[in-house]
Structures are given as C-alpha cells and as structure tokens.
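J.: Got a predicted structure plus its sequence, pasted below:
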Amino acid sequence: MTSRLQLSLSAKGLKNLSGLMAKSDPFAVVTVRGDNPDNRPEVVGRTDVVFNNLDPQWATIIFLEGYKFGVPFYIEVGVFDFDARQAGTSEKLLQLNDAHSNLNVVMDASSRNLLRNGQFPHAVMGTALFEVGEIVGSRGNVGSKSLQTGGAVYAHIERTREDGLKGKLRFQLRAIRLKNVQSFSKTSSPFFEMLRKVDRPTGATWIKVYQSNVIRHDLHPVWNEAQLDIEAICNGDLDRSIKIIIWDHRRSGKHKHMGEFETTINGLLNAKEMDANGENVSFTVSKHEKGVGFCEVMKAAILGGVNGSRASTRPSSAPSNIQVAERPEFIDYLTGGCQISLAVAIDFTASNGDPRQEGTPHYFHPPASKEWNDYEKAIFAVGSILAKYDSDQRFPVWGFGAKYNNVVRHCFQCGTEVEVEGVQGIMDAYRGVFRTPLTMSYPTKFTEVISTAASYARHEQEVANEEGKLSYTILLILTAGNVEDVKETKQHLIAASKDPLSVVIVGIGEADFTGMEFLDAFDPQVDDGRDITKFVRFNDYRSYNALTEAVLDEIPDQLVDYYFEKDILPGTDDDFNTDHVEVQPADDDERTFTFLG
C-alpha cells in the first residue's frame, strides 16, 4: 500500500547572492526522480518566494504521491534566488502580495521558460537530493542537507490523513485596533501568517502554511479573501491547532511582531456565528500575554468538502468533527519513533555446494570482477533499505548449518562482534565465516535462529520501553535449502508471533522450496498467532528494488497488527528539536546542472 505524503521546506544560513545592497529572495522547486537518483526528474511543486530572507520558511505544502516502504523514493530540492525582472514585475510590488499570488508568479517565471539560453532564469543557490525513506525513518521525520553555495535546506515529511476532510477553506480576516509598532509618526503595515501545529512527534513546532497580503499603514486592516487547501493547512483535521501571527511588514525582511492568537479551522468557522448580543465573535491578539488588538472572521466556509459544498459566507453551523481513524498506519508508528531493528541469519549448510566452485551460491568472485554472489546481493538490497530505519545501525548476524569441532551449530555468531556496524559490517561478518574452520553440513533448521531472534526482539523492545519508545525487529533468513522439519518450524513461528518480530525468508538458488511456501501460508481461521512470515525466491527478481519491494511488502501490516492488537498506539518524541538535526554534506556540484534534466 502506498502513502500520500506532505512535504514542507525551510532553509537556514543561505548565501546571499544579491550583492552588498540587497538580500536574496529564495524559493524552492521540488522534483521527483522515483526509485533511482539518476532518473529523469519530474517537477511536482514549487514554493512561494520569501523576500530578503536567508532563513526562509516557505508556506507551500507539496504533496508526494506513491511512497511505499521498502521502495526507494528520491526527491530533489532546488533553491533559487528569485529575479523579479524575469516575471516582468518588481520586488516592491510582489512583497505586498499574499503567498499564493506570489506562488503563481513563481510558477509562471520558472516553468514557461525553464531554460533560457541553456540556463535557469534565476540564480542557483543549491540543490539537495533526499531519499524519502531516510527522512521518514529519522527522528521527527526531518532531513537536512547542505547546499553547494552555502546554508542548508530542511525537508519535513508528514503523512496525509486518508480519513481527513478534503476540499477548500475560503476565508477572510480583518483586524481591529492593532497596536502600532512603528515609530516617528509612521503607521504599521500589517500582514499575517497562518501556521499549523506539526502533526508528528516534534513537540510544539509550527509550520507556516499561508501568508496574507500586506495592508499598508493601517491598524484596522481588511486582508484579501483567500482559498486554501484543507489538507495543506490542517491535514484534514478541523480541530488541529493553527496559529495566526500578525507582523508589521518591512522591506528588509526583518518584519516586526505585532501579536498572535491560536485557534482551529472549526474555531474560524464558529467565529462567524453571532454571540448572544448579536456581535461578531472576535479573537484577542496578544503579545507577551497582553492584548494588542482584535481579529474578526469576515468570511469562512468549507468548499467541496466531504459534507458537500458549503459556499455560504455565513454557515449556520460548523462541519461535524472528523473522526480519527481507529487503526493507525505503519508510517504513523515510524513518525512516532518506532525503531526498526534488523537481524540477519545466513545458511552455511552443505545444500549450498562447494563455495570454491564457481556457480555455487557462496562462491566469491575475484575482487577485480566487482561481482557479488546472490547472498551478498540480498544482504545489500534488503539491508540498505532497512538500515535507514535503524537509529544505531548495529545488527546481529547469525549463521546456521555449519559444523565446528564435529558439532552442527544451528545458530552461531558471525564475526567477532555480537552486533556489527552497518551493511558493510554484515558483509564483512558473512565473508569472515569462510576464514574459520567450519565444515558445511546438514540439516537446514531455522528453529534456533527464530527463537534467538524472538529473544533479541524482546530485548530491543525492553530497551526501547525504558525510553518510552517502540522497537520492532525483522529477521532476514537467507537460505539455499529446504527446511527440514516444517511443522516444528511452523510452531516456532507461531510462538514468535507473540513478540515484535517479522521473519523474511529469501530462497537463494534453484532448490525445492515447497516447505518455505508452507511456512509463508497463513490462514487466520486455522492457524494460531499472527502472520509474521514472508518467503520470496531471489531468482524471481532481477532488480534490487523489485526484490526489496517483494520482501518487505507485508511488514507494514504485520507491525501494525502486533501493536494495534495490544492497544499500543504510535508514540511521541517530545524531546526532539530540529536544531539538533544532523546536516548532511552537500551533493556534488554536478547535480545542480542536472536538476531539471
């Protein structure tokens, strides 16, 4: 199942490209490159322009379609210094517009003639390539990367609620008796920003979703009517907190705070109702906990929502509350801080053949050939995806089916460490086994590996519990032989289904894997426990992306089933602070030349 995501962007410390007497006016363009960073880009969205600001927080929410766990999803963000001359207007005039009007100007100036004489019509401040899965798997669902000219761009991801209200909010605000914050007999020029409270575990972080036009020199401003996407401003939840902040506009970009108030979309709709005395309901605009004016809702209506079109400028009642879905989605657990732990078990039975013989599953190609065997390919493909969701990047690697000192070991540690570091560590531990005095033996048994993985999963969950977090383990079994005792193995899988564990079995080579398919089959009417097993044949998939998609496609439902059946809802990560996000190094300069293909 795919998810529709919402992307919001900000940047810090951008380099000024406009000279000593001016400051850059940044905007961003987002392209999607799909499952390969070198695919031809497709522009999916552009932000508004933030004038004279090297630390912009853009108000435009960009929607990303088709994210699926286990499948790479690359996006690229390009940041540019807007040149008003290319739009046939002036910066002075554009600064007075609302954000959505300026967005239309950006789209016109950056899409009709993307390349003029072989160059983009606006100065390039830098580009940054992101893999969406890495952002989703990071704390707070925030990723950051340096730009080539300086500064960094921040990408925030949130899932779009499927049960949320869709449609448009049409509204108009006015303020009354605002306190003047200008001096020398001048009068403030107010505009407002609308921010939504971030619906993910980032504490009280707010994200700008709209900026109004500027009303010059007026302490009783009536701002232009606006029509906004409900998903973008509140993710379909009419009771989600929003904040209105009123600023005194300054051409320099250093706007002065005039006051603010918090409400919800339902609050705006209800504010259109008269009170008992027939007066409009107003919001008190506060600054430092002191009233500095009032704000009234002149118009507020939902258009084209799930309850039908509400085109009246004075609805008699607010829309009914949107019910939160009873069952969370997989991505909700990820955004709630659930860690995905990977454990790997590798088959060293004699069913693999002589590893010294070319063509056998464990045969290592000469380094100069730069070829991998199928075990190495499977480790890299699946490990690279799952590692993105594991915060400590440390994984246990076990082997089974080898004989040491004439004793067959059905679960033994690979490598010198209990947990290895990163995917390369898994590779090194696997290869290192062949430098030990092992004898490849029989039979193929998974039972000890499954029991060990279940114990590991319980331990990881206990450690996570101490921090108020969740942990879920995925056991990846790579095997070239059919399992010996299918029924016994099935019973161990049923027992392990009580723990936060899924088991993925990848069949290497051309063996008879009938028993594996029996393990994969699950009938909730007959079988005890829950479905935790998935089997795939490696040779059925000729690309890494196809393999990982097949291997991991059942994991989301299995994880949600485990926690939801135990009445465990997605957690929170209230200690998260975006200032602590690790900023990744800038991409190679060459990427800026291929940003638009």
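T.: Thanks, I have it. Remember, predicted model here, so these are calculated numbers, not experimental data.
J.: Summarise which helices and strands the longest strand that the chain contains is packed against.
T.: Using DSSP state E, we find that the single longest strand of the chain is strand 290-303. Helices and strands touching strand 290-303, by 3 or more CB pairs under 8 Å, 6 or more residues apart in numbering; DSSP states H and E, are strand 168-176, strand 242-248, strand 256-263, helix 265-270, strand 282-287. Backbone N, C-alpha and C define where each C-beta goes, glycine included.
J.: between that strand and strand 256-263, how many degrees?
T.: 60 degrees (axes from the mean of the first three to the mean of the last three CA atoms, to 10 degrees).
J.: where exactly do the helices run in the stretch 51-200 of the chain?
T.: Secondary structure of the stretch 51-200 of the chain by DSSP state H, counting those that start in this stretch: the helices cover 91-94, 99-111, 132-137.
J.: closest to Asp557 out of these?
T.: helix 132-137 (16.9 Å; CB to CB).
J.: Put the alpha carbons of that closest one into PDB.
T.: Provided in PDB are the C-alpha atoms of helix 132-137 (Å, rounded to 0.1, in the frame of the first residue of the first chain):
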ATOM      1  CA  VAL A 132      12.100   9.900   1.400                       C
ATOM      2  CA  GLY A 133      12.500   6.700   3.400                       C
ATOM      3  CA  GLU A 134      15.500   8.100   5.100                       C
ATOM      4  CA  ILE A 135      13.500  11.200   6.100                       C
ATOM      5  CA  VAL A 136      10.600   9.100   7.300                       C
ATOM      6  CA  GLY A 137      12.900   6.900   9.300                       C
END
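J.: What part of the protein, helix or strand, is modelled with the least confidence?
T.: helix 99-111 (a mean of 70; mean pLDDT, DSSP states H and E).
J.: residue contacts, the residue nearest the centre of the chain?
T.: Note on the chain: the residue nearest the mean C-alpha position is Val136, at 3.0 Å, using CA atoms, centre = their mean. Counting by CB atoms under 8 Å, 6 or more residues apart in numbering, Val136 touches Leu5, Tyr67, Ile157, Ile331, Leu334, Thr335, Tyr389.
J.: Which of these scores worst on pLDDT?
T.: Across the contacts of Val136, the smallest pLDDT goes to Thr335, namely 78.
J.: Helix, strand, or coil at the residue nearest to Phe191 when sequence neighbours are not counted?
T.: Nearest residue to Phe191 in three dimensions, chain neighbours excluded: Val214, at 4.4 Å (CB to CB, 6 or more residues apart in numbering). Three-state assignment for Val214 (DSSP: H, G, I helix; E, B strand; the rest coil): coil.
J.: Just checking the distance from the helix or strand containing Val463 to the centre of its chain.
T.: Element membership for Val463, per DSSP states H and E: helix 447-466. Centroid displacement of helix 447-466 relative to its chain, using CA atoms, centre = their mean, to the nearest Å, is 27 Å.
J.: which helices and strands does that helix pack with?
T.: If you count contacts as 3+ CB pairs under 8 Å, 6+ apart, helix 447-466 packs onto strand 339-347, strand 397-400, strand 471-479, helix 486-496, strand 501-507.
J.: how about these, which one is nearest Met1?
T.: Among the helices and strands packed on helix 447-466, the nearest to Met1 by CB to CB is strand 501-507 (16.0 Å).
J.: Which strands or helices does that closest one pack on?
T.: So strand 501-507, by 3+ CB pairs under 8 Å, 6+ apart, packs with helix 374-386, helix 447-466, strand 471-479, helix 514-520, strand 533-537, helix 544-552, helix 555-565.
J.: Kindly compare burial across these and name the winner.
T.: Here the criterion is mean neighbour count by mean count of other CB atoms under 10 Å, and of the helices and strands packed on strand 501-507 the winner is strand 471-479, at a mean of 25.
J.: Does Tyr375 touch Leu478 like I think?
T.: Yes. Counting by CB atoms under 8 Å, Tyr375 does reach Leu478; the two are 5.6 Å apart.
J.: shared neighbours, these two?
T.: Common neighbours of Tyr375 and Leu478 (criterion: CB under 8 Å, 6+ apart): Ile346, Ile508.
J.: Let's see the pLDDT reported for the closest residue to Lys168 other than its chain neighbours.
T.: Residue nearest to Lys168 in three dimensions, not counting chain neighbours: Leu303, with 4.3 Å by CB to CB, 6+ apart. With respect to pLDDT, Leu303 scores 88.
J.: isn't Phe538 right next to Ala546, touching?
T.: No. With contacts counted by CB under 8 Å, Phe538 stays clear of Ala546, the gap being 10.9 Å.
J.: mind checking pLDDT for the spatially closest residue to Leu547 that is not a sequence neighbour?
T.: Spatial nearest neighbour of Leu547, excluding adjacent residues (CB to CB, 6+ apart): Tyr541 at 4.0 Å. Tyr541 is assigned a pLDDT of 89 by the prediction.
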